[in-house]
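*Asks:* Need the 3D shape of this:
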Amino acid sequence: MLRYTVRRLLQLLGVVLVLSMLLFGWLRLLPGGPVSALLGERATEESRRQLTAQLGLDQPIFVQYGKFLGRALSGDFGSSTGVQPGDAALEVFLQRFPATLELSFFAIVLAVLFGIPLGYLAARRRGTWLDNLGVVGSLVGVAVPVFFLAFLLKYVFAVELGWLPASGRQTGGIDATRVTGFFVLDGLLTREWDAAWDALQHLVLPAMALATIPFAVVFRITRAAVLDVLDEDYVRTAESKGLTTPVIRRRHVLRNAMLPVVTTIGLQTGALLAGAVLTEKVFAFPGLGEALAIGFERRDYPVLQLLIIVAAMVYVLVNLVVDLSYAVIDPRVRVR
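*Replies:* Predicted coordinates:
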């Protein structure tokens with residue numbers, strides 16, 4: 001297990017290195033650039049040359065990448081030119097990371113809390129109206145674009161009904177104490193219940209929008225996995241021996257159906273940043289997704305490079321955790 005873990009971590013470093021090279025070159029092939037974003041289209045050629053030299057963009061791309069890599073190893077990823085001009089890219093990341101992590105946590109919790117039980121229930125009621133409703137609902141959940149659902153939720157529950165906030169992380173008039181950067185947790189730790197409740201209300205709509213696709217996928221995989229297990233001989237044998245339904249469910253069905261479900265949860269967790277880009281943009285939620293969207297609009301190379309590399313690292317690490325968890329869920333699995 002230890003050798004496998006070390007080998008996967010080394011693979012992670014290789015993936016991140018290759019990705020950083022490809023990303024570095026790809027960003028510079030995109031039309032426009034930070035110079036155009038900062039100076040505008042009417043800037044003089046002289047001012048463009050000066051800013052290009054100041055940003056180091058006049059050097060060969062291999063030289064630029066070498067300098068970037070050298071600075072990155074010491075924790076310097078450059079300064080933002082578009083998202084928060086003048087601030088270090090790492091500072092932009094650290095400021096916005098808690099918002100996206102908090103939103104992603106609530107989204108994946110919603111997906112798991114509803115996806116697994118409903119998927120199991122649909123499998124147990126195979127062929128009934130409940131099963132058919134769940135299958136159709138999961139297909140709709142996968143098919144509906146995240147940004148459309150986000151706009152729909154915002155319009156219905158925030159604009160028309162006024163039940164929930166339309167944007168941001170917290171109401172402007174609330175003076176809350178910051179401890180961790182996770183607004184709900186901060187409110188609970190400092191016993192500022194109004195601040196915690198307000199932050200939770202701001203999370204509801206974006207978390208629902210972001211959780212839709214993970215929920216639909218978890219539901220479908222859970223249903224399929226449980227159906228496969230229910231058809232196994234050992235489940236029929238357990239039923240014929242008179243074991244109670246809760247015992248069969250716990251010992252045989254759920255335990256053996258969890259491997260593909262855990263894999264799916266891991267993959268969906270790693271992919272949440274892609275959905276967060278659109279969700280945070282719609283709800284003006286100041287997280288990494290919004291920073292990524294603004295970064296692309298304004299060609300903020302330092303911020304884009306850092307955020308995409310971090311997203312790749314998170315994705316690979318989540319998959320590593322999923323692989324290592326197999327042995328815990330199913331003792332028959334032996335990772336070598």
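*Asks:* Please count neighbours and contacts with C-alpha atoms only from this point.
*Replies:* OK.
*Asks:* Show me where this structure has its strands.
*Replies:* Assigned strands in the chain: none (criterion: DSSP state E).
*Asks:* Give the closest residue to the most centrally placed residue in it in space, chain neighbours not counted.
*Replies:* The centre of the chain sits closest to residue 272, judged by C-alpha atoms, centre = their mean, with a distance of 2.3 Å. The shortest distance from residue 272 to any non-neighbouring residue, by C-alpha to C-alpha, 6 or more residues apart in numbering, is to residue 104 (6.6 Å).
*Asks:* and that neighbour, how many neighbours does it have?
*Replies:* Residue 104: 24 surrounding residues under other C-alpha atoms under 10 Å.
*Asks:* what do you get for residue 260?
*Replies:* 16.
*Asks:* same check, this time on residue 152
*Replies:* Count around residue 152 with other C-alpha under 10 Å applied: 15.
*Asks:* With residue 171 as the reference, measure out to the residue nearest to residue 272.
*Replies:* 20 Å (C-alpha to C-alpha, to the nearest Å).
*Asks:* Next: residue 109.
*Replies:* 24 Å.
*Asks:* Does residue 61 touch residue 23 like I think?
*Replies:* No. Using C-alpha atoms under 8 Å, residue 61 is not in contact with residue 23; the gap is 12.0 Å.
*Asks:* circling back: show the contacting residues for the residue nearest to residue 272.
*Replies:* 207, 210, 269, 272, 276 (C-alpha atoms under 8 Å, 6 or more residues apart in numbering).
*Asks:* pretty sure residue 267 is in contact with residue 317, am I right?
*Replies:* No. At 10.5 Å, residue 267 does not count as touching residue 317 under the criterion of C-alpha under 8 Å.
*Asks:* How many residues are close by the spatially closest residue to residue 264 that is not a sequence neighbour?
*Replies:* Counting by C-alpha to C-alpha, 6+ apart, residue 264 lies nearest to residue 218, which is 6.5 Å off, once chain neighbours are set aside. The number of residues packed near residue 218 is 29, by other C-alpha under 10 Å.
*Asks:* so what's residue 218 scoring on pLDDT?
*Replies:* We have a pLDDT of 90 for residue 218.
*Asks:* Run through the residues that contact it.
*Replies:* So residue 218 contacts 111-112, 115-116, 119, 261, 264-265 (C-alpha under 8 Å, 6+ apart).
*Asks:* same check, this time on residue 89
*Replies:* Contacts for residue 89 were tallied using C-alpha under 8 Å, 6+ apart; they are 77-80, 302-303, 306.
*Asks:* who wins for neighbours among those?
*Replies:* residue 303 (31 neighbours).
*Asks:* if I look at it, how far off is residue 77?
*Replies:* In terms of C-alpha to C-alpha, residue 303 sits 8 Å off from residue 77.
*Asks:* picking up where we left off before, next, format the contacts of residue 89 as a markdown table and append distance to residue 19.
*Replies:* Converted to a markdown table, the contacts of residue 89 look like this (distance: C-alpha to C-alpha, whole Å):
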| residue | distance to residue 19 |
| --- | --- |
| 77 | 15 |
| 78 | 18 |
| 79 | 21 |
| 80 | 20 |
| 302 | 15 |
| 303 | 15 |
| 306 | 11 |
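*Asks:* nearest to residue 8, of those residues?
*Replies:* residue 306 (21.6 Å; C-alpha to C-alpha).
*Asks:* I'd guessed the closest one sits against residue 77; true?
*Replies:* Yes. Applying C-alpha under 8 Å, one finds residue 306 in contact with residue 77, separated by 6.8 Å.
*Asks:* Now for residue 303 and residue 77: what residues contact both?
*Replies:* 89-90.
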